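Chemist: Structure, please.
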Amino acid sequence: MAKINNKDYIFATACVRSGEKNMLNHDKINKMVESKNSEEALKVLTEMEYGGSFTDVKPQDFELLLTREHKKTYEFIKSIVHDPEYFNIFLYQSDYHNIKVALKAEFLDINPEPFFMDSGSIDAKTMENMIRERDFIGMSTEMKDAIEEVLDVFARTKDPQQVDIILDKACYKDMIRLAEKSENEYLKGYVKLLIDTINLKTFVRMRKMKKSWDFFSKVFIEGGNITEKFFISGYDEQLESFAEKLGTYGLSEVLAESIPTLKEKGSFTTLEKMCDNRLMEYVKDSRYKSFGIEAIVGYILAKENEIKSARIIMAGKLAGLSSDRIRERLRESYV
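Modeler: The predicted structure follows:
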């Protein structure tokens, strides 16, 4: 792949700017939140032809719409960009999820089909066949190496946790590799920030679970802006003090605003939300670019965020949560 030339994305930028007009904006999200029941909330999505044209989807089947919308988004992107392979960065998490599913199903001799995600760069069924036949042609080097490592480690330890640790590390290594290859600072910056937020959430969870710092080291993901040493040096600090030190990395408020909920309720909901909002804050900068890959990345991540919001609302309505409770969990919107 050649270095990214933003002029190659002039047409694609125009297409996604037009697509932004059809996204779930603040008013539509609010309409879903304030709806009387899940049927009314679902109606907002079906009227927008979310995921395609459906007329008989029931509220409890809302994931069908969201899965189809996710797939439709990437089909749209691939149809308008010069080199779609760069955008596999945003599909690798689904790929590695499917690798985990296929391997664990093999180890446990169960059917993996119900657990696959239909949103990776490699079709889930194809991925399953590749792993079963040990034919890794078409996979990235990171995927191949990680699968071989899992097969070796699991054969010796029978520890399913190692499957997750090895593949999670490989996933973000793959994302960093492709971002670095693009030589695009915006793309690299996003992946690094994503890794930082993941490591921050892991850091807080490990402390809450009273895991030792050496266990944190085993699950720490390389490639972000914040080093492992930085986290380890603050492992025994009060969270308030550690939050102040995160200011250099733009994550001070993320942790500081999450501390009350963490201490009072033992809940990570606010931290998850604040991390997502920080990522969306980064993504929103793309709206000020006249053209370029930033606009395409911004659109993709805005759609990911939109789908997540729709999922939170529909799940909340089906669970009988109040509008206020649902709104508390919603992430910051792109439009």
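Chemist: Phe268 and Glu128, how far apart?
Modeler: 32 Å (Cβ to Cβ, to the nearest Å). Placement of C-beta: from N, CA and C, glycine included.
Chemist: do the same with Asp276
Modeler: With Cβ to Cβ as the criterion, Asp276 and Glu128 are 30 Å apart.
Chemist: swap in Glu272?
Modeler: With Cβ to Cβ as the criterion, Glu272 and Glu128 are 30 Å apart.
Chemist: swap in Val81?
Modeler: Here the criterion is Cβ to Cβ. By it, Val81 lies 28 Å from Glu128.
Chemist: all helices of the stretch 151-300 of the chain, in order?
Modeler: Along the stretch 151-300 of the chain, counting by DSSP state H, counting those that start in this stretch, helices occupy 160-182, 185-208, 213-219, 228-233, 239-245, 252-256, 259-265, 269-284, 293-318.
Chemist: helices or strands up against the last one?
Modeler: So the one you mean is helix 293-318. helix 10-20, helix 26-34, helix 38-47, helix 62-80, helix 185-208, helix 269-284, helix 323-329 (3 or more Cβ pairs under 8 Å, 6 or more residues apart in numbering; DSSP states H and E).
Chemist: could I have the fourth one exported to CSV, CA atoms only?
Modeler: It refers to helix 62-80. Output of helix 62-80 as CSV, limited to C-alpha atoms (Å, rounded to 0.1, in the frame of the first residue of the first chain):
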residue,chain,number,x,y,z
PHE,A,62,-32.9,-5.1,17.2
GLU,A,63,-29.4,-6.5,17.0
LEU,A,64,-30.3,-7.7,13.4
LEU,A,65,-30.7,-4.1,12.4
LEU,A,66,-27.5,-2.9,14.1
THR,A,67,-25.4,-5.7,12.6
ARG,A,68,-26.8,-5.0,9.1
GLU,A,69,-26.2,-1.2,9.6
HIS,A,70,-22.6,-1.9,10.6
LYS,A,71,-22.1,-4.1,7.5
LYS,A,72,-23.8,-1.5,5.3
THR,A,73,-21.5,1.2,6.6
TYR,A,74,-18.3,-0.6,5.6
GLU,A,75,-19.7,-1.7,2.3
PHE,A,76,-20.4,2.0,1.6
ILE,A,77,-16.9,3.0,2.7
LYS,A,78,-15.3,0.3,0.5
SER,A,79,-17.3,1.5,-2.5
ILE,A,80,-16.0,5.1,-2.3
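Chemist: Show the subsequent helix or strand relative to that helix.
Modeler: helix 92-108 (DSSP states H and E).
Chemist: Can you give the distance of that following helix from its chain's centre?
Modeler: Helix 92-108 has its C-alpha centroid displaced from the chain centroid by 16 Å (Cα atoms, centre = their mean, to the nearest Å).
Chemist: and that helix, what's its mean pLDDT?
Modeler: Computed over helix 92-108, the mean pLDDT rounds to 95.
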